[in-house]
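In: here's a sequence, model it:
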Amino acid sequence: MTPQDNMTQTAGASPAAVFACPIVMRKRADFVRASHGRRQGTTGFHLQALRRGDDDRLRVGFTCSKKVGNAVARNRAKRRLREIARLVLPQHGRAGWDYVLVGKRDVTASHDFATMQADLIRALGSIHK
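Out: Next comes the predicted model:
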């Protein structure tokens, strides 16, 4: 911890924005568990969601199979999915849920970004109703 961190915590200030960020899932078991939950397809990607049963922060995972393309295409698709989730999930996601965004072949890496954001908002609304 830096001295500035100590001053911020002792002064009674609210914690940094890092605590508002979703947790990124890394374990295969979390992805498999989410795949058995609710699903919603969009034109640019698939969304899988599962309510965990606690009120902890939301978690999010990203995956693209080799069907999406070579490593460059998969990484580009995952970067776009991460950015869409970063912009949309803080306002439209719910605490205690796991979300997995799955890239689609030939679409995720090149689909219109604003359309993909709107698709994620629509998919979240459909999953949560």
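In: where in this structure is pLDDT low?
Out: Along the chain, segments meeting pLDDT under 70 span 1-21.
In: strands of that one, residue ranges please.
Out: 23-24, 38-41, 45-51, 59-63, 97-103 (DSSP state E).
In: which of those strands sits closest to M116?
Out: Counting by C-beta to C-beta, M116 lies closest to strand 45-51 out of these; the figure is 7.0 Å. (C-beta placed from N, C-alpha, C; glycine too.)
In: in the closest one, what counts as buried?
Out: Neighbour counts using 16 or more other C-beta atoms under 10 Å place 45-50 of strand 45-51 among the buried residues.
In: at which residues are the helices of the chain located?
Out: 3-10, 28-35, 71-92, 113-128 (DSSP state H).
In: any chance of JSON lines for those helices, columns distance to P22 and mean neighbour count?
Out: Formatted as JSON lines, these follow (distance: least, C-beta to C-beta, whole Å; neighbours: other C-beta atoms under 10 Å):
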{"stretch": "helix 3-10", "distance to P22": "22", "mean neighbour count": "10"}
{"stretch": "helix 28-35", "distance to P22": "13", "mean neighbour count": "14"}
{"stretch": "helix 71-92", "distance to P22": "6", "mean neighbour count": "16"}
{"stretch": "helix 113-128", "distance to P22": "13", "mean neighbour count": "16"}
